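Student: Got a sequence here, can you model it:
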Amino acid sequence: MTRDRDVVEPDSAGAVGVFVVGGAGGEALRETVVATGALHVWCAVPSITEAAAVTGLADSFVLDPWPGPAAALDYLARSTQGKRSGMAIILLRAGTILRRGTVRRATSRLRDHEGLVVPTRRGDRGTAIRLRMFRRAPLDPGSGVIVSAVLLFWLVRAGWLTGTPLTIGLLRRAGARLHSLRRGLASPSKAPRQDRPTITVLIPARNESAYLGETLRSLEAQSIVPDEVIVVDDASDDGTGDIARAHGARVIRPGSAQGSKAIASNAGLADVRTEAVMILDADTQLHPECLEHLSDDLRRGLDATSGACLPLLQQGIWARGRAIEYSMAIRIFKPVQRALGTLVVMSGCNSMFRTSLVRGLGGFSDRTLAEDLDLTWAHQLQGGKAGYNGRAMSYPVEPATWTLYRAQIRRWASGFYQTIGVHRMRLRHKPGLALIVAAAVFDVITVPIFLTMLTIATIKGSFSWPFLAMSSAFLLLPIISGITVIGWRKTAKNFPAYLITIWASSYFYLEALIIEWIARRHRVAWVKGH
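Tutor: Just a heads-up that it's a prediction; the model follows:
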């Protein structure tokens, strides 16, 4: 759930700075940092992954080993002493969202030379430590504390940031009750809850030594640990299998290279002994609660579900453009598809299925270059329901070069048309899916025309009102989506790259349409895009 943000500007109380203590995952950290709207944010985090989640939004300090939230706050206070002169400081824990107007009202209290604004529940008698506090503080209960620069210095000198239970009490994660309510409202199914299924994570990998270790570490950090991790070492020659064994994964190495992700996945599927199987790319890291959210969907009665994606590192044109594209998927495309009772694709980098479902469909098919798309449609066209859980976040590595991006997008585009060819006669039985597919094909043909007209109109400076309205919607939707997911700084930085990727993907999807449907020269080589 997204709330309105404060736009925190310096006022007579001085500038505002924010200390955020991590440890709850990159998504929660980014959500808190974005929601503050502050110009000065410092984060103490336990991992590089969390630091990457707020790159461009905050200055991060990675503390390894992690000393705990109180000591992390103390570290922030000492490390930023010369940068926050005269500031009012907000202390928050990752996952906290402040209501609109909170910071502005609280800092206005500091104009009256009060030293501390502490959140209190109505009827509470305060804390055991005698500090000046407001009985009706504007902060949500448990969400944080705002202090003056002078008081922060005194607290650090007195050792209170590390030596008393006050800090931990004031930094309780906000809205636990609201969090539970949101989880209930987000249930994709009203079916009776079942026992949590046993889970195997299946990772097909070929020469993935650069990424596999971090992927497996993200699995070890999950709130629920998978029962087994199977890595299919597809004839790797870079030590991929050794890395998997070092992390306790079971390694299956076929006698020769399998040639595609689908065939490699089937080699591992034969050895899966659990009720559910999660398909995970070797270059994709998971939010610590990803498996929990996906398995909760299966507990509610779904047979298959998938999570959301954001680029792990938003560097380079293609990864930055993807960040905006994925933000639109999270905020617009996936929720719309779920409302229509269908899902176009359960992402091959972050999806969970009942094992019996995948085996009942004959495993992962290599008849197209998009095995995840093919399986999603086959499942739904047999009457199954595909779920989507936007809170099950994953962070894949995106193509860093033009050559890799081109290889990946060509595979996706050809796989899309090949999957339509396989299922075209049955799509009429799933009207929602047929509508989305028809709209996608229509966009493939019309978007290049619209982009060309937009470019010409921009150069000439001639816009009609209808065309201006269409252009505004075309530009505003990704901007708004980006701001709500990755923040306005990253959106502003990534948006030019998004325009480039839109041009490129439009070209390749139009090229694939001509090759696959008109020339009938089907692509068959499976090429990975990183």
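Student: make it CA atoms for all contacts and neighbour counts henceforth
Tutor: Will do.
Student: what ranges of the stretch 401-530 of the chain fall below the confidence cut-off?
Tutor: Applying pLDDT under 70 to the stretch 401-530 of the chain flags residues 463, 465, 467, 526, 529-530.
Student: oh sorry, the question was meant for the chain
Tutor: 1-14, 97-144, 149-150, 154, 157-194, 463, 465, 467, 526, 529-530.
Student: Which residue ranges of it form strands?
Tutor: Using DSSP state E, the strands of the chain run over residues 16-21, 40-45, 59-62, 88-93, 116-117, 145-147, 199-205, 228-233, 250-252, 276-280, 284-286, 304-309, 350-354, 386-396.
Student: got a list of contacts for the longest one?
Tutor: Here strand 386-396 makes contact (CA atoms under 8 Å, 6 or more residues apart in numbering) with 27, 188, 281, 283-287, 289-294, 297, 302-312, 330, 334, 338, 342-343, 346, 349-350, 376, 379-380.
Student: Next, the angle from that strand to strand 276-280.
Tutor: 40 degrees (axes from the mean of the first three to the mean of the last three CA atoms, to 10 degrees).
Student: angle of strand 386-396 against strand 304-309?
Tutor: Using the same axes, to 10 degrees: strand 386-396 against strand 304-309 is 40 degrees.
Student: quick revisit: now the strands of the chain in a markdown table, with distance to Ile515?
Tutor: Below are these laid out as a markdown table (distance: least, CA to CA, whole Å):
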| stretch | distance to Ile515 |
| --- | --- |
| strand 16-21 | 51 |
| strand 40-45 | 48 |
| strand 59-62 | 48 |
| strand 88-93 | 52 |
| strand 116-117 | 65 |
| strand 145-147 | 61 |
| strand 199-205 | 29 |
| strand 228-233 | 32 |
| strand 250-252 | 36 |
| strand 276-280 | 30 |
| strand 284-286 | 31 |
| strand 304-309 | 29 |
| strand 350-354 | 29 |
| strand 386-396 | 29 |
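Student: Now for the closest residue in space to Leu340 that isn't next to it in sequence: which residues touch it?
Tutor: Distances taken as CA to CA, 6 or more residues apart in numbering place Gly432 nearest to Leu340, at 5.7 Å, with adjacent residues excluded. Applying CA under 8 Å, 6+ apart, we find Gly432 in contact with Gln337, Leu340, Gly341, Thr342.
Student: pretty sure the first one is touching Val344, no?
Tutor: Yes - checked against CA atoms under 8 Å, the pair Gln337 and Val344 is within contact range at 7.3 Å.
Student: Ala308 bridge partners, please.
Tutor: Met393 (DSSP bridges).
Student: Could you give the number of residues near it?
Tutor: When neighbours are defined as other CA atoms under 10 Å, Ala308 has 23 of them.
Student: in stretch 274-283, what counts as buried?
Tutor: The neighbour-count criterion (16 or more other CA atoms under 10 Å) identifies Thr274, Ala276, Val277, Met278, Ile279, Leu280, Asp281, Ala282, Asp283 as the buried residues of stretch 274-283.
Student: just stretch 245-265 next, same as before
Tutor: Ala249, Arg250, Val251, Ile252, Arg253, Gln258, Ser260, Lys261, Ala262, Ile263, Ala264, Ser265.
Student: what about the last one, distance to Ile445?
Tutor: Separation of Ser265 from Ile445 (CA to CA, to the nearest Å): 34 Å.
Student: With the fourth one instead?
Tutor: Taken as CA to CA, the spacing of Ile252 relative to Ile445 amounts to 43 Å.
Student: Skipping adjacent residues, who's closest to Asn374 in space?
Tutor: In this structure residue 374 is Asp, not Asn. Thr419 (5.7 Å).
Student: Please apply the same query to Pro496.
Tutor: Gly321 (7.7 Å).
Student: Touching, that neighbour and Lys493? I think so.
Tutor: No - shown here, Gly321 and Lys493 do not form a contact pair, counting by CA under 8 Å, at 9.8 Å.
Student: neighbour count winner among those two?
Tutor: Gly321 (24 against 14).
Student: how near is the more buried one to Gln81?
Tutor: Using CA to CA, we find Gly321 at a distance of 37 Å from Gln81.
Student: mind listing what Phe416 touches?
Tutor: Contacts of Phe416 (CA under 8 Å, 6+ apart): Ala370, Leu373.
Student: of the buried residues of stretch 245-265, closest to His522?
Tutor: The shortest approach to His522 among those belongs to Ser260, at 15.7 Å (CA to CA).
Student: got the phi/psi numbers for that closest one?
Tutor: For Ser260, the backbone dihedrals are phi -160, psi 160 (criterion: degrees, to the nearest 10).
Student: remind me, longest helix of the chain?
Tutor: For the chain, the longest helix by residue count, based on DSSP state H, is helix 431-460.
Student: Go through it and flag the buried ones.
Tutor: Buried-residue list, helix 431-460, by 16+ other CA under 10 Å: Gly432, Leu433, Ala434, Ile436, Val437, Asp443, Val444, Val447, Pro448, Phe450, Leu451, Leu454.
Student: Among those, which one lies nearest to Gly86?
Tutor: Leu454 (47.9 Å).
Student: Could you measure from that closest one over to Ala72?
Tutor: 50 Å.
Student: same question, Phe450
Tutor: 51 Å.
Student: Can you give the contact residues for stretch 332-352?
Tutor: Against stretch 332-352 from outside (CA under 8 Å, 6+ apart): 276-281, 284, 294-295, 304-309, 371-373, 376-377, 380, 385-388, 394, 396, 432-433, 436-437, 481.
Student: any idea how far the longest helix of the chain is from the chain center?
Tutor: 26 Å (CA atoms, centre = their mean, to the nearest Å).
Student: again with stretch 47-54
Tutor: On CA atoms, centre = their mean, the centre of stretch 47-54 falls 12 Å from the chain's centre.
Student: can you pull the buried residues of that stretch?
Tutor: Ser47, Thr49, Glu50, Ala51, Ala52, Ala53, Val54.
Student: Which two among those are spaced furthest apart?
Tutor: So, the buried residues of stretch 47-54 by CA to CA: farthest apart are Ser47 and Val54, at 11.9 Å.
Student: Which residue, neighbours along the chain excluded, lies closest to Ala282?
Tutor: Leu212 (5.2 Å).
Student: isn't that neighbour right next to Gln285, touching?
Tutor: No - applying CA under 8 Å, one finds Leu212 not in contact with Gln285, separated by 9.0 Å.
Student: Phi and psi next, for Arg523.
Tutor: phi -80, psi 140.
Student: roughly how far apart are the closest residue in space to it that isn't next to it in sequence and Thr401?
Tutor: Leaving out its chain neighbours, the residue that sits closest to Arg523 by CA to CA, 6+ apart is Ser414, at 6.7 Å. Separation of Ser414 from Thr401 (CA to CA): 20 Å.
Student: Next: Val527.
Tutor: 14 Å.
Student: try Gln81
Tutor: 41 Å.
Student: Next one: the residue nearest to Arg331 when sequence neighbours are not counted from Ser306, what distance?
Tutor: In this structure, Arg331 finds its nearest non-sequential neighbour in Ser481, 6.0 Å apart by CA to CA, 6+ apart. Look at Ser481 and Ser306: by CA to CA, they are 20 Å apart.
Student: swap in Ala400?
Tutor: 25 Å.
Student: quick one, which of the two is more surrounded?
Tutor: Neighbours per residue (other CA under 10 Å) separate Ala400 from Ser306, with Ser306 holding more: 28 against 18.
Student: For Glu292, see how far away the more buried one is.
Tutor: 12 Å.
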